[in-house]
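>>> I'd like to go over a predicted model; first the sequence, then the structure.
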Amino acid sequence: MLVVAQPTPDAHEGDEREGKATSVLARAAMILDAFDGTTPSLSLSVLSSRAGLPKSTVHRFAEQLLELGWLERANGGYRVGMRLFEVGGLAERRNRMRDKALPILQQLSAATHCAVHLAVLDRSEVVYLDKLPIRGLDVPTREGGRMPAHCTSLGKALLAFADDKEVERVIARGLPRRTPTTITTADGLRAELAAIRKAGVSYDREEGCEGISCVAAPIRGSGRAIGAVSVANFTGQIDLRAVSGSVQRAAGGIWHELFGSRAACGTAR
């Protein structure tokens with residue numbers, strides 16, 4: 001007798017939850033998309049018409065978006081909330097950094113013959129804003145991709161000039177081992193970050209990916225790092241100390257392009 005395997009109840013429930021989540025996000029996006037900038041605020045009726053959703057649905061979602069700060073009350077209706085402006089501003093700043101950095105990243109790639117990355121810190125991970133690859137080197141990174149901060153030169157450069165509480169949050173989330181040389185202890189990471197603050201550069205000696213070594217420098221003035229730039233290559237084909245000066249100058253150049261004559265990258269917090 002042919003027995004057809006049936007999904008377990010857990011699988012059914014997981015699919016149902018995922019479908020509901022997608023539906024919820026889609027409807028919330030439809031409501032937010034109704035704000036096109038032509039009118040500062042929208043009534044419930046107009047919002048319902050533009051979103052193509054029933055008034056009851058729009059009202060329920062709008063009230064939840066109010067609580068989250070994505071919407072605000074205005075003139076008997078709704079307007080875009082400050083939280084959306086904050087997120088939009090963050091995206092704008094990152095895009096501006098990427099645009100200003102690109103010519104400098106290209107020069108760095110040509111000078112070092114290495115893969116070049118630009119990244120920012122997001123909680124315990126680095127987010128790659130740009131990547132300039134080189135032929136023959138398969139680095140497991142991509143634009144928009146993420147890597148744990150504690151095992152990358154970029155992440156360590158950013159953490160070294162981050163708030164102490166941010167470092168402790170990274171440690172609290174755990175420091176998983178990716179290679180035999182990954183730093184996995186709190187004391188080890190704190191000591192590494194202290195050395196980076198003195199040197200102004202950070203090294204990744206096969207800590208995130210076996211066979212690949214990197215050097216990074218923070219993009220900063222006299223305070224926190226707003227981003228970091230790195231070069232990477234096969235361990236046997238890169239002299240980390242020899243290229244560190246080029247990486248630091250690139251980071252300083254990006255800061256200058258963003259902020260003009262304000263203090264360039266330094267080693268003191």
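Cool, the structure landed.

>>> make it CA atoms for all contacts and neighbour counts henceforth
Noted.

>>> Which residue ranges of the stretch 51-200 of the chain form strands?
Taking DSSP state E, counting those that start in this stretch to define them, one finds strands in the stretch 51-200 of the chain at 71-74, 77-80, 115-122, 125-132, 146-148.

>>> Determine how far the fourth one lies from the middle of the whole chain.
Think strand 125-132. On the basis of CA atoms, centre = their mean, to the nearest Å, strand 125-132 sits 7 Å off its chain's mean C-alpha point.

>>> re the thing from before, nearest to Gly245, out of the strands of the stretch 51-200 of the chain?
With CA to CA, the closest approach to Gly245 among these belongs to strand 115-122: 14.3 Å.

>>> So in that sheet, which strands flank the closest one, and in what orientation?
Applying DSSP bridges to the sheet, strand 115-122 is found paired with strand 125-132 (antiparallel), strand 227-234 (antiparallel).

>>> outside of the last one, which residues touch it?
So the one you mean is strand 227-234. The contact list for strand 227-234 (CA atoms under 8 Å, 6 or more residues apart in numbering) reads 109, 112, 114-121, 137, 153-154, 157-158, 211-220, 238, 247, 250-251.

>>> Which of those residues fall in helices?
109, 112, 153-154, 157-158, 247, 250-251 (DSSP state H).

>>> Of those - the most surrounded one?
Leu154 (35 neighbours; other CA atoms under 10 Å).

>>> tell me the pLDDT at it?
Leu154 carries a pLDDT value of 98.

>>> State the distance from it to Val201.
According to CA to CA, to the nearest Å, Leu154 and Val201 sit 9 Å apart.

>>> list residues touching both of the two?
Contacts common to Leu154 and Val201, judged by CA under 8 Å, 6+ apart, are 215-218.

>>> In TSV, list those along with neighbour count.
Conversion of the shared contacts of Leu154 and Val201 to TSV gives the following (neighbours: other CA atoms under 10 Å):
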residue	neighbour count
Val215	28
Ala216	33
Ala217	33
Pro218	38
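
>>> Export those to CSV and append columns for pLDDT.
Listed next are the shared contacts of Leu154 and Val201 as CSV, based on pLDDT from 0 to 100:
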residue, pLDDT
Val215, 98
Ala216, 98
Ala217, 98
Pro218, 98
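
>>> Of the residues you listed, which belong to strands?
Under the assignment DSSP state E, those contribute 215-218 to strands.

>>> got a markdown table for those residues, with distance to Glu67 too?
Listed next are those as a markdown table, based on distance: CA to CA, whole Å:
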| residue | distance to Glu67 |
| --- | --- |
| Val215 | 43 |
| Ala216 | 40 |
| Ala217 | 40 |
| Pro218 | 36 |
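
>>> Now flag whichever of those is closest to Pro54.
Of those, the one sitting nearest to Pro54 (CA to CA) turns out to be Pro218, at 49.7 Å.

>>> who does that closest one bridge with?
Assigned bridge partners for Pro218, using DSSP bridges, are Ala228.

>>> Now do the same contact list for it.
154, 157-158, 161, 200-201, 225-229, 248, 251, 265.

>>> most neighbours, which of the residues you listed?
With neighbours taken as other CA under 10 Å, the top of these is Leu154, carrying 35 neighbours.

>>> which residues does that one contact?
119, 126, 202, 215-218, 228-230.

>>> What confidence value was assigned to Ser222?
83.

>>> weakest of the strands paired with strand 115-122 by average pLDDT?
strand 125-132 (a mean of 94).

>>> Could you report the distance from Ser45 to Gly69?
Ser45 is 21 Å from Gly69, by CA to CA.

>>> Same question for Ala195.
Distance of Ala195 to Gly69, given as CA to CA: 40 Å.

>>> average model confidence for stretch 240-259?
Rounded mean pLDDT across stretch 240-259 is 96.
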